[in-house]
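K.L.:
Please work out how this folds:
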Amino acid sequence: MAYRVDFVADVHKQLRGLTAGQRALVFEAIEKQLRHEPFAETRNRKPLRPNPIASWELRVREIRIFYEAVPEEHDRVRILAIGTKEGNIVMIGGKEILL
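P.N.:
Have a look, this model is predicted:
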């Protein structure tokens with residue numbers, strides 16, 4: 001079963017803050033990693049401890065894609081935020097985020 005992927009409005013702004021190469025990595029990762037079995041834990045895809053951002057994280061190099069299941073629909077994934085991580089610092093939309 002292929003999952004449908006939605007983006008919340010703020011993600012479009014966050015994508016504009018990435019380089020063209022990073023955006024290409026994001027869309028490639030979403031297609032490969034989140035269209036099928038987005039909730040199977042892997043080396044780069046894992047559930048997160050409770051936090052204000054999202055319940056799942058997909059790592060692609062320095063990029064972090066934060067997402068969740070859409071409760072009303074079992075075949076839909078919602079991308080909530082996209083940012084970068086350097087060391088222990090996660091930046092989303094130009095702001096440091098504490099997870």
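K.L.:
tell me the pLDDT at the residue most central in space within the chain?
P.N.:
With distances taken as Cα atoms, centre = their mean, residue 65 lies nearest the centre of the chain, 1.9 Å away. pLDDT, residue 65: 98.
K.L.:
Next: residue 1.
P.N.:
What the model reports as pLDDT for residue 1 is 76.
K.L.:
ok, it - how many residues close by?
P.N.:
The number of residues packed near residue 1 is 7, by other Cβ atoms under 10 Å. Quick note: C-beta positions are derived from backbone N, CA and C, even for glycine.
K.L.:
What of residue 34?
P.N.:
One way to gauge burial is a neighbour count; for residue 34, by other Cβ under 10 Å, it gives 21.
K.L.:
Now it. Its backbone dihedrals?
P.N.:
phi -110, psi -10 (degrees, to the nearest 10).
K.L.:
after the lengthiest strand in the chain, next one along is what?
P.N.:
Looking across the chain with DSSP state E, the single longest strand is strand 76-86. Using DSSP states H and E, the helix or strand that directly follows strand 76-86 along the chain is strand 89-92.
K.L.:
Pull out the buried positions in that following strand.
P.N.:
By 16 or more other Cβ atoms under 10 Å, the buried positions in strand 89-92 come out as 90-92.
K.L.:
residue ranges with poor pLDDT in the protein?
P.N.:
Under the criterion pLDDT under 70, no range of the chain is flagged.
K.L.:
Going along the chain, name the helices of the chain.
P.N.:
9-16, 20-29 (DSSP state H).
K.L.:
helices and strands around the longest strand of the chain, which ones?
P.N.:
Helices and strands in packing contact with strand 76-86 are listed as strand 4-7, helix 9-16, strand 63-69, strand 89-92; criterion 3 or more Cβ pairs under 8 Å, 6 or more residues apart in numbering; DSSP states H and E.
K.L.:
tally of neighbours for residue 18?
P.N.:
Look at residue 18: counted by other Cβ under 10 Å, it has 16 neighbours.
K.L.:
Report the contact partners of it.
P.N.:
26, 63, 82, 84 (Cβ atoms under 8 Å, 6 or more residues apart in numbering).
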